[in-house]
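# Next come a sequence and a model predicted from it.
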Amino acid sequence: MCGIVGYVGGREAAPIVLEGLSRLEYRGYDSAGIAVLDASGILTLARDVGKLSNLTSRLEGAYPPGCTGIGHTRWATHGGATELNAHPHVDTAGDVVVIHNGIVENHRELRDELVFAGAVFRSETDTEVIPHLIARELTIGLNLEEATRAALQRIQGAAAVLVMRRQEPDVLVAARIANAGGVVIGYGEGEMFVASDLPALAGHTRSVVFLDDGDMVRVTATGATYSRLSGEVLTREPQTVDLENTAIGKGVYEHYMAKEIAEQPEAVLDTLRGAAQFDPPAVFLPGLGLDDDAIASLSRVVVIGMGTSLNAAQVGRIYMEQLAGLPAETDNASEFRYRRPIIDGTSLVLAVAQSGETVDTLEAMHEAKRRGARVVAICNTPGSQATRIGDGTVFLRCGPEVAVASTKTFLGSITALYLLACYLGEKRGFLTGRRLGQALDDLARLPQLIGEALKSDAATLAVAERHYQSEHFLFLGRGPQFPVAMEGALKLKEVSYIHAEGYAAGEMKHGPIALIDAAMPVVAIAVKDDHYTKMLNNIDQVRAREGKVIAIATAGDTLLPEKAQDVIYVPEAPTLLQPLVTAVPLQMLAYHMARLRGCDIDQPRNLAKTVTVE
Ligand code: F6R
């Protein structure tokens, strides 16, 4: 959730830390803060509420001096978005400085204990117990690394922490306990970096080490030493990561969301590249981590995820059934992990997570592994936790997604799930040569079809102009379009704050119909597939109650303009791949509605890109 950046080296830390934070702001934007230490131990702290720009404009031209610094963008969990609650937090004496991503579950009892011992708390955060705990350990003569280790052993919950201390001005200590989001250490020339996410390192280094759960690191300008929280010393060799696409801007677009919607043909093409071969037809998934015997032994698939990734999982379930011939189900990762799922070595759990850091999804993966299931991540982020927990990974290759509302990774996840279903189907003898060839030929047309769907932008804007003042929306779809209806509703509520619900259209008569009146626009995904006639019935039923229908229709459909007030056309596509086409105008609809309503499209209120707390 929160973004973390640290620097130690020969240059001024503040501009480097602030620049790194600007690339992580999508992780949280309630408040931001930095702390900088100079060589003589003078510490300067600067924090502000709201977006990072508030802090940067306040510091402009007067950066706090010093070559060691840490910074944080916050997504509030404990305590409101106030300056006092913004990170970094310090101990009573102002010697130990901490930034934190995660939740300290036992913070109340620790706070009581520390206050009793004389600690002065200045914020309402759970985080503040950490600098006080470390300070207490320092009084018995430990150094910062040892004191941090001892302090973190008292903490229950999730924590990625970055710590510095006035008396050790050339040292940073970082640690990661219990799935608190990533910590990556970047190696420069005579300088070192710490970050929660790779984009913060772009332009500085490609040589990195990712911390695992339970790892600690002591970082100075010349290198890093690794250990476990238990004290065991570790050897970690830096790996080289591809950061080429990481330094990203909005280009000609006003918002990242618009840019990322427009990038979708390329994102899907990149996901296919190297994985799908069309002649002769074949799928290559070298990172899958399942051999032919394991694939042959599978009896079922469970596809899990959260939010948009769960909606992609719902489409994936259909692929697993229809292309791989495997019984399949979906679940919210947050429910799956607690419902004592009945799975075993013949179950394949697919964890869809673009960030690879969503805590519920990671914990669900651990749970699946504990129960002996095969676990594969469907992920957009190399090096992320999800890619390291599972037996293997199928990557979507969409490049970094910056807008908080996911768009291109929805299409990327669905594409990756389709490839995987074809792969499993072929290996299991379910998708024979000719059918595999057809399934892949269909896929080959996809980037072009998505490009065609993008041409509905003007029509979508016109619809948005007619409806942007509505306060409620209903989205209906059937079959593979049901998850798209869910995603259309999710996108709209996220970026425009309009109340929107997605339903399986068959469900409409069982309750939602009571809501329909002249003030309730209903988006009906009524493309020409097996469900078309049934969708026409739904549309008639909405019209009979004076509802306004916005139909998503197949190009050339002449019936729907007679039935619906608004029609947005998409190109005809193979039924199973149609969700990747119909999702596009719904994303654009949400975007235009939000823009017309003056919303903060790339950073909607209360949301964060990577949800690393429960
Ligand atoms: C919606 C959105 C969220 C994420 C969800 C899961 O636009 O961005 O609903 O889809 O938080 O994130 P990942 O895929 O990173 O696990």
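Now that the structure is in, tell me what you want to look at. These numbers were taken from a predicted model, which means no experiment stands behind them.
# The worst-scoring helix or strand of the chain on mean pLDDT pairs with which strands, and in what direction?
None of the helices or strands of the chain scores lower by mean pLDDT, DSSP states H and E than strand 276-278, at a mean of 87. Paired strands of strand 276-278, with direction, are strand 281-283 (antiparallel) (DSSP bridges).
# elements contacting whichever helix or strand comes after the strand it pairs with?
As assigned by DSSP states H and E, the chain's next helix or strand after strand 281-283 is helix 292-296. In this structure, helix 292-296 packs against helix 408-427, with contacts taken as 3 or more Cβ pairs under 8 Å, 6 or more residues apart in numbering; DSSP states H and E. For the C-beta atoms, the positions are set from N, CA and C on the backbone; glycine is no exception.
# quick one on the thing from earlier: show residues contacting the least confident helix or strand of the chain.
Residues outside strand 276-278 that contact it (Cβ atoms under 8 Å, 6 or more residues apart in numbering) are 282-284, 419, 422, 440-441, 443-444.
# again, 7 Å this time
283-284, 419, 440-441, 443-444 (Cβ atoms under 7 Å, 6 or more residues apart in numbering).
# Max pairwise distance over those residues: which two?
Phe284 and Asp441 (16.8 Å; Cβ to Cβ).
# hang on, the earlier thing: quick one: buried residues of the least confident helix or strand of the chain?
Using 16 or more other Cβ atoms under 10 Å as the test for burial, strand 276-278 gives Ala276.
# Any idea how far it is from the middle of the chain?
28 Å (Cα atoms, centre = their mean, to the nearest Å).
# do stretch 131-151 as well
34 Å.
# repeat for stretch 68-84
20 Å.
# Next: stretch 303-316.
Worked out by Cα atoms, centre = their mean, stretch 303-316 lies 12 Å from the chain centre.
# before we move on, what about stretch 151-166?
That offset, for stretch 151-166, works out to 24 Å (Cα atoms, centre = their mean).
# Can I get the buried part of the contacts of strand 276-278 as one ChimeraX selection?
Per 16+ other Cβ under 10 Å, the buried members of these correspond to this ChimeraX selection:
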select :283,419,440,443
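# Name the next helix or strand following the helix or strand in which Leu443 is found along the chain.
Using DSSP H and E, Leu443 sits within helix 433-444. Of the helices and strands lying after helix 433-444 in sequence (DSSP H and E), the nearest is helix 446-454.
# Using PDB, list the CA coordinates for whatever helix or strand comes next after that next one.
Once helix 446-454 ends, the next helix or strand along the chain (criterion: DSSP H and E) is helix 457-467. Extracted in PDB, the C-alpha atoms of helix 457-467 (Å, rounded to 0.1, in the frame of the first residue of the first chain):
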ATOM      1  CA  ASP A 457     -14.000   6.300 -27.800                       C
ATOM      2  CA  ALA A 458     -16.100   9.100 -29.400                       C
ATOM      3  CA  ALA A 459     -19.300   7.100 -29.000                       C
ATOM      4  CA  THR A 460     -18.400   6.300 -25.400                       C
ATOM      5  CA  LEU A 461     -17.700  10.000 -24.600                       C
ATOM      6  CA  ALA A 462     -21.100  11.000 -26.100                       C
ATOM      7  CA  VAL A 463     -22.800   8.400 -23.800                       C
ATOM      8  CA  ALA A 464     -20.800   9.700 -20.800                       C
ATOM      9  CA  GLU A 465     -21.900  13.200 -21.600                       C
ATOM     10  CA  ARG A 466     -25.600  12.100 -21.400                       C
ATOM     11  CA  HIS A 467     -25.300  10.200 -18.200                       C
END
